[in-house]
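Engineer: the following block contains a protein sequence and its predicted model.
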Amino acid sequence: MSRSRGFKRVLPIAAAMTLLTLGPRGAEAADASPDSANVAAQRDIADVLRGWFRRPVRTDLEKELKPGLSLTLLPSVGYNPSYGAFVGASISLGGWFGDPATTNLSAGSFGASYSTTEQISVQFKSDFYLPNNSYALKGDWRYLDTSQPTFGLGSADPAQAAYPMDFTLYRLYQTVYKRVKNSSMFVGLGYHFDRYDEIKDERADLGEATPFSLYSAGTPSRTQSSAISGNILVDTRDNAINASQGLYWNASLRFDMLGIGSDEDRQTLWSDFRTYFRLPGKTRHVLAIWNYYWFTFGHAPYLDLPAIGWDTYGRSGRGFLQGRIRSTDLVYFESEYRRTLTRDGLWGAVGFVNLTASSNSAGGAFDAPDPGYGIGLRLKFNKRTNTNASVDASRGQDNTTRFFFGLQEVF
């Protein structure tokens, strides 16, 4: 029997469990948000807890790993409708490796969790900018012992049956970017490795023809992809964790090759574009737009095909289970309206809509887009880096409300 129908989409947190260090905090660093001219006027969860305990409270484990860089240790306890109850821990890193005046904000996370459905997740994600933006490092390393249903290729039809699958994933993605002179553009080379082991298609094992067995012309128990990539990165955001203006574009062309360990020669094109507009008003209002293209050329393994929720941070497709929409080519669009609810920035809210267009066969036409929508609440977790704790209520094609928890904005 499949251990669960799906894998957790974002790293949930229990905000009430974030007391890590009681003691002197010292002078506050400058707020990462340009909207706050005075840090003292802004509040985060540490300020709230300081009032409760009548002692200084810190949300970072160490104030400084090096100038401007802090570490946060969080328990991870919660529930996801596709994953079950889980417990674990995460470490989030945020701040600057160099002078904030000349170096972009860096962010990274390491987390491990275990669920009541016996799923294991160990993940490390990084978006680091070295001093003076000389280099950028982007990583996505994962070990997943998990299960997830598949519904075939193309749009999300509520009448489609689920086909449970178990698998173990070993992933190592690492890209190194070099800044182009003194611009906001970087060019880089990357390596991308995915190995799916112990693949088990339950209904195929019972003799049924399933989306996996039909696409794969059988039921392989292992697939492996090994690729090098050429990459372009442009980043003018004012804050990589919670942007209020600027844009971000990351494009990658990957070449999977037999000669370096891939099962087949093929190519993958990825383009991720985000832009942010600060709207007029005394209260902070931001319109954020996210669009990505994910195309495959050649015969990619079924579990490597573009799918909702399988972007780097697993944040796309709120309203759908991870992997609910899968295809050879995917186009995704999301727009989110963000605003603060209190003058001190402690509370905020968002409203969002998304559309996913997917093809139902290799090189085939796109189906009608699948919409998702929802609202969310934000609590300022760290005013220094402008990091929010979030909870979103969302719906997709099946009109089921799903809740997702996270630290940092979705995009």
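Structural biologist: Nice, I can see it. The structure displayed is predicted, hence computed values, not measured ones. Numbering: from 1, shown residues only.
Engineer: with adjacent residues omitted, what lies nearest to Asp145?
Structural biologist: Ile120 (4.2 Å; CB to CB, 6 or more residues apart in numbering). Bear in mind the C-beta positions are built from the backbone N, C-alpha and C, glycine included.
Engineer: OK, contacts around Val331?
Structural biologist: With contacts defined as CB atoms under 8 Å, 6 or more residues apart in numbering, Val331 is in contact with Asn291, Tyr292, Tyr293, Trp294, Thr356, Ala357, Ser358, Phe366.
Engineer: which strand residues bridge the residue nearest to Asp145?
Structural biologist: Tyr114, Asp145 (DSSP bridges).
Engineer: ok so, going back, now the contacts of Val331 as a markdown table including pLDDT, secondary structure and distance to Ala85?
Structural biologist: Listed next are the contacts of Val331 as a markdown table, based on pLDDT from 0 to 100; DSSP: H, G, I helix; E, B strand; the rest coil; distance: CB to CB, whole Å:
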| residue | pLDDT | secondary structure | distance to Ala85 |
| --- | --- | --- | --- |
| Asn291 | 97 | strand | 34 |
| Tyr292 | 97 | strand | 31 |
| Tyr293 | 95 | strand | 36 |
| Trp294 | 96 | strand | 31 |
| Thr356 | 96 | strand | 28 |
| Ala357 | 95 | strand | 34 |
| Ser358 | 94 | strand | 31 |
| Phe366 | 86 | strand | 37 |
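Engineer: now those in TSV, with distance to Gly190?
Structural biologist: Converted to TSV, these look like this (distance: CB to CB, whole Å):
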residue	distance to Gly190
Asn291	21
Tyr292	17
Tyr293	17
Trp294	16
Thr356	25
Ala357	26
Ser358	25
Phe366	28
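Engineer: among these, which one sits closest to Asn250?
Structural biologist: Asn250 lies nearest to Tyr292 out of those, by CB to CB, at 9.0 Å.
Engineer: phi and psi next, for the spatially closest residue to that closest one that is not a sequence neighbour.
Structural biologist: Nearest residue to Tyr292, sequence neighbours excluded (CB to CB, 6+ apart): Asp272, at 4.5 Å. Backbone torsions of Asp272, given as degrees, to the nearest 10, read phi -120, psi 110.
Engineer: how about Asp127?
Structural biologist: Torsion angles, degrees, to the nearest 10, at Asp127: phi -140, psi 90.
Engineer: give me the local confidence score for it.
Structural biologist: pLDDT, Asp127: 94.
Engineer: neighbours of it, how many?
Structural biologist: 23 (other CB atoms under 10 Å).
Engineer: also Asn132?
Structural biologist: 15.
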